[in-house]
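Peer 1: coords please:
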Amino acid sequence: MSRRILLAAVLVMAAFGARADEQPIQLKADLDGSHEVPATQTSGKGKLEGALNRTTKELNYTVTYQGLTGPATAAHFHGPADPTKNAGVVVPLKAPLDSPVKGSATLDDKQIGELMANNWYVNIHTAKNPNGEIRGQVVHAGP
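Peer 2: Just a heads-up that it's a prediction; the model follows:
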């Protein structure tokens, strides 16, 4: 990046009174059965949109989904795990679990590190798929 562009970026941020480390980190995940380990046969699909406030350590999320084999019986963030592994529950999504599922959680420093390393996933469980019907790895979507 040229010095001129870097200087312009710094000046714009200063003009708006926001430091880069104060901006929420945008997160996303695309959920489907092929991402489950092992994969599930489902027409279900979903999406996570979230934001992590690094100052307050608060994670805000919205999970939308459709096409599951039945009502959601549970939904969680799991970690730490890469996309080929399963892991324990880190943060349960708050009921009601009807789409859209909205909520927030305050994370500790270890959890933030795992999340920032793309080592969390979100999944939705149903009676037919009690270990998870759809899943998606949580990744950065923006600053």
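Peer 1: Sticking with the nearest residue in space to residue 134 that is not next to it in sequence, tell me its helix or strand.
Peer 2: Nearest in space to residue 134, with sequence neighbours left out and distances taken as CB to CB, 6 or more residues apart in numbering, is residue 31 at 4.1 Å. Using the backbone N, CA and C atoms, a C-beta is placed for each residue, glycine as well. Using DSSP states H and E, residue 31 sits in strand 25-32.
Peer 1: which secondary structure elements does that strand contact?
Peer 2: The criterion is 3 or more CB pairs under 8 Å, 6 or more residues apart in numbering; DSSP states H and E, and the helices and strands that strand 25-32 contacts are strand 45-53, strand 58-66, strand 121-126, strand 134-137, strand 139-140.
Peer 1: Out of the ones you listed, which is closest to residue 106?
Peer 2: Of all the helices and strands packed on strand 25-32, it is strand 58-66 that lies closest to residue 106, at 5.5 Å by CB to CB.
Peer 1: Could you check the angle the closest one makes with strand 121-126?
Peer 2: 50 degrees (axes from the mean of the first three to the mean of the last three CA atoms, to 10 degrees).
Peer 1: Partner strands of strand 58-66 and their direction?
Peer 2: The pairing partners recorded for strand 58-66 under DSSP bridges are strand 45-53 (antiparallel), strand 101-106 (antiparallel).
Peer 1: model confidence over the next helix or strand after that strand, on average?
Peer 2: Beyond strand 58-66 on the C-terminal side, the first helix or strand identified by DSSP H and E is strand 72-78. The average of the pLDDT scores along strand 72-78 is 98.
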